[in-house]
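Trainee: based on what follows, work out the 3D shape:
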Amino acid sequence: MFGTKPIRQRRLHLKLGLLLSFYFCLPLVPSSALGSDIDHAIDQLRAAVSEHSARVFALEQRLLHPADSHLSVFLTLGSPDALGLDSVELFVNGKPVVSHLYSEREQEALEEGGVQQLFIGNLPNGSHYLKAVVTARSSNDRFLRRESSYRFQKRPGSLRLQMTLEAKAPEFEPHVSFLEWK
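Mentor: Sure thing, here's the model as predicted:
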């Protein structure tokens, strides 16, 4: 006799009435006003996300690749016709950092005077050493493997090293030389 059924029915009728009145009043609100407000809010949000993303990328680059500790190593061929480059391994302070096998296309590019960026990394200031292991084919189709080391002093700022592979006549023995770019 005194149950909750009439209260539930009243609540249901109230909710249904509010929903229907909202549904019928919605066409009275100009849809262009709602759409332009939403579009404007979306554009502002996109701009904020883009700006935030750019700041995060810049911070990431400063932390991962600080310009003060930057080291780059480049490879060139001094005598392009004397050797067929097969592979190069690069070690910095005894740790392997690069191992690269050369395709015919890469060999041709180097033979035509190209420069290959072998390594980009970070080093603290101080004394370091670089070891390069080069495997190449000589003019008589013999495979040769040569190691070459280079000690250098890393100072504040960016350091760029050029590693040149050459083989001079008549022996055509491979020789690796290093040059610090200014």
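Trainee: so where's the chain uncertain?
Mentor: For the chain, the stretches with pLDDT under 70 are 1-8, 10, 12, 14, 18-35, 65, 67, 80, 170.
Trainee: roughly how far does the residue nearest the centre of it sit from residue 54?
Mentor: The chain has residue 61 as the residue nearest its centroid, 9.6 Å off, counting by Cα atoms, centre = their mean. To residue 54, residue 61 is 11 Å away according to Cβ to Cβ, to the nearest Å. To be clear about C-beta, it is placed using only N, CA and C from the backbone, and glycine gets the same treatment.
Trainee: secondary structure class for the residue nearest to the centre of the chain?
Mentor: Three-state call for residue 61 (DSSP: H, G, I helix; E, B strand; the rest coil): helix.
Trainee: and the gap between it and residue 70?
Mentor: 11 Å.
Trainee: for residue 156, same thing?
Mentor: Using Cβ to Cβ, we find residue 156 at a distance of 10 Å from residue 70.
Trainee: kindly report the same for residue 60.
Mentor: Per Cβ to Cβ, residue 60 is found 15 Å from residue 70.
Trainee: repeat that for residue 131.
Mentor: Taking Cβ to Cβ, one finds residue 131 at 20 Å from residue 70.
Trainee: likewise for residue 151?
Mentor: Distance, residue 151 to residue 70, using Cβ to Cβ: 19 Å.
Trainee: now residue 142
Mentor: From residue 142 to residue 70 the distance is 38 Å (Cβ to Cβ).
Trainee: neighbour count for the two, which is higher?
Mentor: Neighbour count, other Cβ atoms under 10 Å: between residue 142 and residue 70, residue 70 has more, with 16 against 9.
Trainee: now the more buried one, nearest residue through space, not along the chain?
Mentor: Sequence neighbours aside, residue 158 is the residue nearest to residue 70 in space, at 4.1 Å (criterion: Cβ to Cβ, 6 or more residues apart in numbering).
Trainee: equivalent analysis for residue 86, please.
Mentor: Leaving aside its sequence neighbours, residue 86 sits nearest to residue 135 (Cβ to Cβ, 6+ apart; 4.4 Å).
Trainee: could you look up the SS state of the one you found?
Mentor: strand.
Trainee: what count of nearby residues applies to it?
Mentor: Residue 135: 16 surrounding residues under other Cβ under 10 Å.
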